[in-house]
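> Return a 3D structure for these sequence lines:
(chains A and B)
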Amino acid sequence: MDNKGSVVPNLQNIVADVVEGEAVIINIATGIYYSIDGIGGWIWDQISAGASIAAIRSALCAAPGADETEVDAALDSFLAELMTEDLVRPSADAADISVAPPKIAFAVPVLNVYRDMTDLMALDPPMPMLDAPTR
Amino acid sequence: MAGGLDAFLPSFGLPSRAESRILRACLSDDPAARQAAVDSLLAELTAPDEGRRWMLPLLADRLEAEGRLNGPAGIKLRAAALHEAGRSATFDAITAELAGAMDRAGCPMLLSRGHALALTAYARSGLRHRHDLDLLVPPESHGAARSALEGAGLRQALPPRCPAAVAFEHGSGLRVLLHGAPLPCTDSNLDLDYLRAQAVSVSVGGADVLVPDATALLLHCLLLAACHPPRGTAWAADAAIAIRAGGVDWNAVASLRGPDVVDIVGRLAWLSEVTGVAVPEMVLSRLRESVCSLDRAGRMAALERARRRGGMRAMIRASTDFGVRGSLLRWGLGQMLSRQTTPRREKAKIGRQ
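A predicted model of the protein is given here:
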């Protein structure tokens, strides 16, 4: 993943909600839903705020227990997974915002994938409004 | 008639024991009482069926309020709630769009049924799952209403479950139903003029839309379940939440008459007993009196409704409380004979032509 660029939530396809650091994301085209907690939830928050990959990487390296090599590999793999699932898309408009390190210890972020409600979610028009307030 | 209407219950299609447990989990005000229901319920949510799926946002809301929306089941419930919140926003936007189209066409419109309940009785409209949008327009304005809907890009769709409605499909895939009467299949006095006179205005997606008042919406929940085979817990949760939201004119409910009262009192008594929702005893006793005073035609109409929903066995069982078995048998024989003879007569007529 190019550290100079950024990715943004693919708002043409998803609705997402973050509560207490845990993100739940639904791909409304497929009906698959996802959860990300811990460091993964923190990364999703930064992506949603428009932070660049480089800024996220720097902040992660400063997290308790972080190892630079491990951060690089984990971040690349995680972002690639988000891209594969169509949850984020590349963006040329990385915001130049500073990112404070996470307060939780670094751990490899995990994208949990759930396919048990695809029929219910993808085949029930109307589809959710993508920029709807979630609560 | 026995006070409990027990003989009628099988024909009501009441929620099953498991569905009642979900209802209690969603409606109970006591977190401790809810715990047992929730624990057993979450195990059943691995693949929620359509009937139960729509309860998920409501359950998510209750658990979140108690800080217990966590673990794998919590994620499932949150996903369902998030999905429904997004759908609800789509419903609002389409409602506003259609209200504008109807207004420009000069069609008086009431927003009815599920979306009206979601907007007025539920704490947030996203807590109530719904499939279609029900618009109530006086029959004399149906021509203009159809033109307005078609002008807004909707196209006519397959006939809906309710044969008296006209179905359209919005570009989003949402089915929009145009009704000329609130409950065409019942005898209750929910006429359109009365509903419009009592209606309240709500703001939906930036548009002001009229919806029936709390009493009419409650009766709607109870009587719609009487018209159609009820789907799972929907009517029961709607009715319980409508009662809790307040504003029901209980004197108006208690003064209802006619065969529909069998359904109304039976379902209200069940709700009170199973979900703990507060239905004034005065209402139940006055409605029971009303059932007792039904004339023969009213009793037969109530039994016929039991037959439509639950078949002949349900009808015969229900008749035990009415003491009209003899009439019922004569009626049944008459029906059977007319079914057997009418086609032959028709055939004979066609043959002669």
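> how much space between A:V7 and chain B?
21 Å (Cβ to the nearest Cβ, to the nearest Å). C-beta here means a position set from N, CA and C on the backbone, and glycine is covered the same way.
> Excluding residues flanking it in the chain, which one is nearest that residue?
Among residues not flanking A:V7 along the chain, A:V88 sits closest, at 4.1 Å (Cβ to Cβ, 6 or more residues apart in numbering or on different chains).
> State the pLDDT value of the one you found.
Here the pLDDT value assigned to A:V88 is 96.
> isn't A:V110 right next to A:Y34, touching?
No: with contact defined as Cβ atoms under 8 Å, A:V110 does not reach A:Y34; the gap is 10.2 Å.
> who has more neighbours, these two?
Between A:V110 and A:Y34, A:Y34 has the larger neighbour count (other Cβ atoms under 10 Å in any protein chain shown), namely 23 against 15.
> Can you give the distance from the helix or strand where that one lies to the centre of its chain?
For A:Y34, the host element (DSSP states H and E) is strand A:32-36. A distance of 10 Å separates the centroid of the chain from that of strand A:32-36, by Cα atoms, centre = their mean, to the nearest Å.
> C-alpha coordinates for that strand, PDB please?
Provided in PDB are the C-alpha atoms of strand A:32-36 (Å, rounded to 0.1, in the frame of the first residue of the first chain):
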ATOM      1  CA  ILE A  32     -22.100  -9.100   4.100                       C
ATOM      2  CA  TYR A  33     -21.400  -7.300   7.400                       C
ATOM      3  CA  TYR A  34     -18.100  -6.900   9.200                       C
ATOM      4  CA  SER A  35     -16.800  -6.000  12.600                       C
ATOM      5  CA  ILE A  36     -13.500  -4.500  13.600                       C
END
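> Around A:L87, count how many other residues there are.
Residues within reach of A:L87, counting by other Cβ under 10 Å, total 25.
> tell me, how many neighbours does the residue nearest to A:V7 end up with?
So A:V88, with other Cβ under 10 Å, has 23 neighbours.
> is it true that it touches A:L11?
No: between A:V88 and A:L11 there is no contact under Cβ under 8 Å: 9.9 Å.
> For chain A, which residue gets nearest to chain B?
A:P128 (2.2 Å; Cβ to the nearest Cβ).
> what number of residues lie near that residue?
Neighbour tally, A:P128, other Cβ under 10 Å: 24.
> which residues sit in contact with it?
A:P128 sits next to A:V15, A:I26, A:I28, B:L82, B:H83, B:E84, B:A85, B:G86, B:R87, B:A89, B:T90 when contact means Cβ atoms under 8 Å, 6 or more residues apart in numbering or on different chains.
> from those residues, which ones fall inside helices?
With helices taken from DSSP state H, the overlap with these comprises B:L82, B:H83, B:E84, B:A85, B:G86, B:R87, B:A89, B:T90.
> of the residues you listed, closest to chain A?
Chain A has its nearest neighbour among these in B:G86, at 2.2 Å by Cβ to the nearest Cβ.
> Now tell me which helix or strand of the chain has the poorest mean pLDDT.
All of this is about chain A. helix A:118-122 (a mean of 79; mean pLDDT, DSSP states H and E).
> should've been chain B
helix B:325-352 (a mean of 58).
> Surely A:Y34 touches A:E22?
No: the pair A:Y34 / A:E22 is not scored as a contact, 10.9 Å apart, by Cβ under 8 Å.
> Next, the residue nearest to A:V7: phi, psi?
Main-chain dihedrals, A:V88, degrees, to the nearest 10: phi -130, psi 160.
> Please verify my assumption that B:L284 contacts B:L268.
Yes: counting by Cβ under 8 Å, B:L284 touches B:L268, with 6.3 Å between them.
> Can you tell me the closest non-neighbouring residue to the residue nearest the centre of chain A?
Taking Cα atoms, centre = their mean, the centroid of chain A lies closest to A:W44, which sits 3.2 Å from it. Excluding the flanking residues, the one nearest A:W44 by Cβ to Cβ, 6+ apart is A:A23, at 4.4 Å.
> ok, back up a step: return the per-residue confidence for the closest residue in space to the residue of chain A closest to chain B that isn't next to it in sequence.
The spatially closest residue to A:P128, leaving aside those adjacent along the chain, is B:G86, at 2.2 Å (Cβ to Cβ, 6+ apart). Per-residue pLDDT puts B:G86 at 92.
> close enough to count as contact, B:G86 and A:I28?
Yes: counting by Cβ under 8 Å, B:G86 does reach A:I28; the two are 7.3 Å apart.
> For those two, work out which one has more neighbours and name it.
The residue with more neighbours, out of B:G86 and A:I28, is B:G86; 25 against 20, by other Cβ under 10 Å.
> how near is the more buried one to A:I26?
From B:G86 across to A:I26, the span is 8 Å (Cβ to Cβ, to the nearest Å).
> And the pLDDT for B:R52?
In this prediction, B:R52 carries a pLDDT score of 65.
> Make sure the residue nearest to A:W44 is indeed in a strand.
Yes: per DSSP: H, G, I helix; E, B strand; the rest coil, A:A23 lies within a strand segment.
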